[in-house]
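No sequence on hand, only this structure:
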């Protein structure tokens, strides 16, 4: 919820992971970090707690970290794989956001060797043809890693500056309250209209297109 800064609702998470209080037990919990669309970055303490809860209740934790290279200072992205590779934790990453290479099919998964081996049994029959673009992205990182590091800084400065201009402009034009993201490429606002659709229509009157979050 915006009022809590989009912090985790631990009661709801535990109800689902444990299958209690009328909730069906989850086999897999999917979490985006940074979040889409609020842009919130989970803390190390929160992530450690999530790993422990899912482990104790035989629940796979699937972490979508596609925006992990788009975290804005002073926030720091933490992933459980920095400390250990747990069988029940699978991290998914890619370059479609930070490098703008959508549809290149260059995403990848990180987990324990045991879990990756089991994933390959399902993956091999489905994903047979490897796009040549995977070789291009591999060569880029092997030969030009410094360029990627510099690109991330340029992108960070650009998006944060764009957010500053956009958030101030929409706040002044419509009275909307900006909800500053900690990462990703999204920005959210709260409004005083009766419905999201009314807010969208109000924005369109001034030539602004909005996607309700």
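Great, that's in hand. Values in this document were obtained by computation on a predicted structure and should not be read as measured data. Residues are numbered from 1 along each chain as shown.

contacting residues around stretch 129-143?
Residues external to stretch 129-143 that are found in contact with it (CB atoms under 8 Å, 6 or more residues apart in numbering): 95, 99, 101, 104-106, 147-148. For glycine as for every other residue, the C-beta is placed from the backbone atoms N, C-alpha and C.

Okay, buried residues for it please.
Applying a neighbour-count criterion of 16 or more other CB atoms under 10 Å, one finds residue 137 buried in stretch 129-143.

Check stretch 50-69 too.
With the criterion 16+ other CB under 10 Å, stretch 50-69 contains buried residues 50-51, 53-55, 57, 59-69.

quick one, helices of this protein?
10-18, 44-56, 113-123, 133-143, 145-174, 196-204 (DSSP state H).

For the longest one, give the mean pLDDT please.
Same thing as helix 145-174. Rounded to a whole number, the mean pLDDT of helix 145-174 is 94.

could the helices of the chain go into JSON lines alongside distance to residue 190?
Converted to JSON lines, the helices of the chain look like this (distance: least, CB to CB, whole Å):
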{"stretch": "helix 10-18", "distance to residue 190": "21"}
{"stretch": "helix 44-56", "distance to residue 190": "23"}
{"stretch": "helix 113-123", "distance to residue 190": "40"}
{"stretch": "helix 133-143", "distance to residue 190": "38"}
{"stretch": "helix 145-174", "distance to residue 190": "11"}
{"stretch": "helix 196-204", "distance to residue 190": "9"}
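
coming back round to it: output the contacts of stretch 129-143 as JSON lines; include the columns neighbour count.
Written out in JSON lines, the entries for the contacts of stretch 129-143 read as follows (neighbours: other CB atoms under 10 Å):
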{"residue": "95", "neighbour count": "19"}
{"residue": "99", "neighbour count": "17"}
{"residue": "101", "neighbour count": "16"}
{"residue": "104", "neighbour count": "16"}
{"residue": "105", "neighbour count": "15"}
{"residue": "106", "neighbour count": "18"}
{"residue": "147", "neighbour count": "11"}
{"residue": "148", "neighbour count": "14"}
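
Widest-spaced pair of these?
Across the contacts of stretch 129-143, the longest distance by CB to CB is 21.7 Å; it joins 105 and 147.

wait, which of the contacts of stretch 129-143 is closest to residue 126?
Ranked by distance to residue 126 (CB to CB), these are led by residue 105 at 12.3 Å.

Sounds good, over and out.
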